[in-house]
Structure formats: C-alpha cells, structure tokens
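Undergrad: Pasting a predicted model and its sequence here:
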Amino acid sequence: MSENPDAPAAAGGSPPIAEYHAHVYYDPAKTRAAAERLRQRVAAEFPDARLGRWHDALVGPHTQSMYQIAFPGGMIGAFLPWLMLNRDGLTILLHPDTGNDLLDHTAHAAWFGAVLPLRLEAFAGRDAAD
Ligand code: ZN
C-alpha cells in the first residue's frame, strides 16, 4: 500500500503544535469574578501564557463573552491538567492553532464544561484571529 499524502497524520506523525488557545467564557453579570480569579492565577502560575483582552461584547465566532489565553505548545502538559482542576465551573474552549481557524474551532476543539454554539460564518473571508 502506498501512503496517501492527503490522509490525516497518524498519531505521532502530526506536526508539532506551536501554539494553543484557551477561550475562557463568562457571563458579565454572573461569572466575571470567577473569570477574573482564573485569569490572575494563570498570569501568576504560567508566565508564558499571553492573556487576551476581555471581550464582554461578542467577538468573532463566540456566542458568549470571553477572553483568550494563548500559550506555547510546550506548556500543554502542565496547563491542561491545571485547567481541568481549576476552571471553577467556567466553560472553556481549548484548540490548537494550526492555521485553519474553522477546523481548529470545530474538529480540533476540546470543550470543558459545556459545548457552546459558535458562529462559524465568522470564519468566512475574515482575517482576524481568535
Ligand atoms: Zn481561538
């Protein structure tokens, strides 16, 4: 059998993921304080993480208020279990940044707490990340 170059990469054969995003969702009226506490802890414990702006107003594909945490691939082993244990009831979307925003936010995505709808049409013909 010849290898199909279009097939998805097998486990161990995928290119390394340079960066991930964790989108932390909150309700400005109810869970902003929890989101603030999580944000402060991430900043203190994971100095390599880059904390994005608060988006109380909906932005991009997101259907709830959120901020983004971008972090290098090498941090996933420490950050993933930390996030599982410390998300404090907040819903989080974790996804790799492979350059394909649509796939990264759908097929490649992992959700903690809930699965929120996304406005996938936001990925059509736009250039902003997130
Ligand atoms: Zn994202």
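TA: Arrived safely, thanks for sending.
Undergrad: in this structure, which spans are strands?
TA: Listed from the start of the chain, the chain has strands (DSSP state E) covering 19-26, 50-51, 65-72, 92-96, 110-112.
Undergrad: Tell me the helices and strands packed up against the top helix by length along the chain.
TA: Among the elements of type helix in the chain, defined by DSSP state H, the one spanning the most residues is helix 32-45. On a contact count with 3 or more CB pairs under 8 Å, 6 or more residues apart in numbering; DSSP states H and E, helix 32-45 meets strand 19-26, strand 50-51, strand 65-72, helix 76-86. C-beta here means a position set from N, CA and C on the backbone, and glycine is covered the same way.
Undergrad: Output the below-cut-off pLDDT ranges for this structure.
TA: Within the chain, the set of residues satisfying pLDDT under 70 comprises 1-13, 125-130.
Undergrad: which residues does the most centrally placed residue in it contact?
TA: The C-alpha lying nearest the average C-alpha coordinate of the chain belongs to Ala22 (CA atoms, centre = their mean; 2.7 Å). The neighbourhood of Ala22, defined by CB atoms under 8 Å, 6 or more residues apart in numbering, consists of 68-69, 71, 79, 83, 92-94.
Undergrad: Nothing else from me, thank you.
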